[in-house]
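K.L.:
Test case, fold it:
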Amino acid sequence: MKLNIFNTENEVLAALAAHFVKIANESVAANGKFSVALSGGSSPKKLYELLASSYSGQVAWEKVYFFFGDERNVPQTHPDSNYLMAKKALFDPLHISASNIFAVDTSLPPNEAAQQYEEEIETFFDDGELSFDLILLGLGDNSHTASLFPFTPVLHDRTPGVKEVFLPDQQVYRITLNAPLINEAQHIAFLVYGEGKAIAVHHVLEDDEDIEEYPAQLIEPIVGEIQWFLDTAAAAMLDNH
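P.N.:
Predicted structure coming up:
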């Protein structure tokens, strides 16, 4: 694991954008394509906007295949849709072909949407390892990542897959890659900034293991590399950095 800590949010975003470009280009050179699972939320939106502007000429975008680490159980036109956010911030500005975008079909019941998405991922990797070149992750104030929320059954999955997750407090479903699937990736990058994340960062990186309370502790790649991109505010409660 590598911690990358920067003074400002903009420096964090620029560093992760450069990291994205580096892995994309290495993957395309090695395999002719680059597979990435995107994260949702407000933090990565700024990353996607940066990639679609300042870094737009540095990647062979027609060779990039986009997936989602998780999705909210809402129509793709809904303001809360991770797909819609990525479409506006990244896909549309870069004119990404629809054939390169793998969105969760939220018109299906959550369990069917999860099953279909898992099958799409298996088809994409064509009987090989379900190993994304890069998975982008965020971190919630409650130490969740993707839609791996505290005290949900998905935290105990042992085989790579996609699952529906019900959040009783919000009475909503989400669809998520599970931890075993995330941990198959070649590269995993956490994007976390702001003082509101400092306690969660400390819990995940330095507290004793408690996956029920701090689900992001589950993210430990099997053979790949994990890097955290933090600002000083988010890293403020770390003892060792």
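
K.L.:
sec struct for the residue nearest to His78 when sequence neighbours are not counted, please.
P.N.:
Distances taken as CB to CB, 6 or more residues apart in numbering place Leu84 nearest to His78, at 6.8 Å, with adjacent residues excluded. In short, each C-beta sits where N, CA and C put it, glycine included. The three-state label given to Leu84 by DSSP: H, G, I helix; E, B strand; the rest coil is helix.

K.L.:
So for Leu84, what's the pLDDT?
P.N.:
Looking at Leu84, its pLDDT reads 98.

K.L.:
contacting residues for it?
P.N.:
By CB atoms under 8 Å, 6 or more residues apart in numbering, Leu84 lies in contact with 76-78.

K.L.:
likewise Pro150?
P.N.:
Contacts of Pro150 (CB under 8 Å, 6+ apart): 142-144, 212-215.

K.L.:
top of those residues by neighbour count?
P.N.:
Greatest neighbour count in the contacts of Pro150, by other CB atoms under 10 Å, goes to Pro215: 26 neighbours.

K.L.:
list the buried ones in the helix or strand bottoming out on mean pLDDT in the chain?
P.N.:
Using mean pLDDT, DSSP states H and E, the weakest-scoring helix or strand in the chain turns out to be helix 42-51, at a mean of 94. Neighbour-count burial for helix 42-51 flags 43-51 (criterion: 16 or more other CB atoms under 10 Å).

K.L.:
next one: stretch 61-76
P.N.:
Those would be 61, 63-74, for stretch 61-76 by 16+ other CB under 10 Å.

K.L.:
and which of those residues is nearest to Asp231?
P.N.:
For the buried residues of stretch 61-76, the closest approach to Asp231 (CB to CB) belongs to Gly69, at 21.3 Å.

K.L.:
The closest one: what's it in contact with?
P.N.:
Applying CB under 8 Å, 6+ apart, the residues near Gly69 are 37-40, 135-137, 146, 176-177, 182.
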